[in-house]
Each structure stands twice: as C-alpha cells, then as structure tokens.
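[1] the amino acid sequence is not available; the structure is as follows:
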C-alpha cells in the first residue's frame with residue numbers, strides 16, 4: 001500500500017538561528033501526520049477516545065536525522081504501517097522534501113500501543129491507563145493498510 005502523505009512547511013518558529021529546523025520539530029510533524037492518517041481513514045483519534053475510552057500512545061520512537069530541513073521548505077511526512085498486533089502498531093515514517101523524488105531528511109521508527117482508562121485523578125492519573133486491544137474499526141482499517149514488502 002502507498003504511504004499516507006502529509007504536507008508540512010518549515011516555519012521561522014521551527015528553526016534555530018541558522019534557519020535549520022530544530023530536531024524536536026520532526027517529532028511534532030510526525031505526530032501530526034499520524035493524526036491525519038487516522039482522519040483520512042475516517043477514524044479520527046477523538047472518536048476512538050469517545051467511543052472506546054482508548055487511545056494510541058507512543059511507547060518508543062527512534063529518529064535518524066539524514067539531512068537538515070531549512071526555513072520555508074515544503075516537506076512531506078510519509079507514514080507506513082509495518083506491523084499490527086493486538087494492542088500495538090509499528091510505523092515507519094519518513095520526512096522528505098516535497099518535490100518529486102525529494103531527498104529524505106529523517107526516518108522515524110514508531111511503536112504505538114493502545115491504552116484504555118482515564119487520565120483524571122479519580123482513576124489514579126496516568127496509572128489508570130492499561131494496554132488494550134485496538135478497537136475493531138481501527139484494527140480492520142489499519143490491517144488493510146499494512147505495508148507489504150516493496151511498498
């Protein structure tokens with residue numbers, strides 16, 4: 001399956017004094033791309049929270065910075081599903097320059113886990129969150145997009 005593609009632009013606020021994107025902004029861009037990929041499936045994260053009291057949270061992330069992104073550059077964040085477990089989801093995300101065949105700027109390996117529970121004090125704060133099976137509508141849609149070799 002092709003990757004979900006989400007466009008971003010490097011704004012002044014994203015850069016250091018030299019006009020180079022600050023490393024933490026790649027994490028923000030990747031998070032937005034993951035959110036938009038769920039929205040593109042017509043299964044937004046807010047719906048999972050509302051209907052199932054569940055959410056996908058990052059359990060691990062690795063970032064390899066390849067080339068710098070610079071002020072005002074248009075970029076694309078590509079998101080591919082590489083593994084789907086009962087409660088887990090592994091993604092490959094790439095930040096590339098927007099032009100056709102654009103240079104790769106960063107690679108992210110992201111591990112998500114579905115959790116249920118509450119963040120409020122009544123449920124013990126974040127300790128009230130427990131791993132849970134990914135709700136069926138998302139599981140089916142994500143499974144259909146699972147990356148195959150060569151995609």
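    Sure thing, it's come through. Note that this is a predicted model, so its numbers are computed, not measured.
[2] and the lengthiest helix in the chain, what does it pack onto?
    Ordering each helix of the chain by length in residues (DSSP state H) puts helix 24-40 first. For helix 24-40, the elements it packs on are strand 4-9, helix 45-52, strand 54-65, strand 74-84, strand 88-97, strand 104-116, judged by 3 or more Cβ pairs under 8 Å, 6 or more residues apart in numbering; DSSP states H and E. Where C-beta positions appear, they are placed from N, C-alpha and C, glycine not excepted.
[3] partner strands of the longest one and their direction?
    Taking DSSP bridges as the criterion, strand 104-116 sits next to strand 54-65 (antiparallel), strand 88-97 (antiparallel), strand 130-131 (antiparallel) in its sheet.
[4] deepest-packed of the ones you listed, please.
    For these, average neighbour numbers computed from mean count of other Cβ atoms under 10 Å are highest in strand 88-97, which has a mean of 21.
[5] and that one, how far from the chain's centre?
    In terms of Cα atoms, centre = their mean, to the nearest Å, the centre of strand 88-97 is found 7 Å from the chain centre.
[6] what's the answer for stretch 33-52, then?
    11 Å.
[7] could you dump the helices and strands packed on helix 24-40 into CSV and include distance to residue 23 and mean pLDDT?
    Shown next, in CSV, are the helices and strands packed on helix 24-40 (distance: least, Cβ to Cβ, whole Å; pLDDT from 0 to 100):
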stretch, distance to residue 23, mean pLDDT
strand 4-9, 15, 96
helix 45-52, 25, 94
strand 54-65, 6, 97
strand 74-84, 14, 97
strand 88-97, 11, 97
strand 104-116, 9, 97
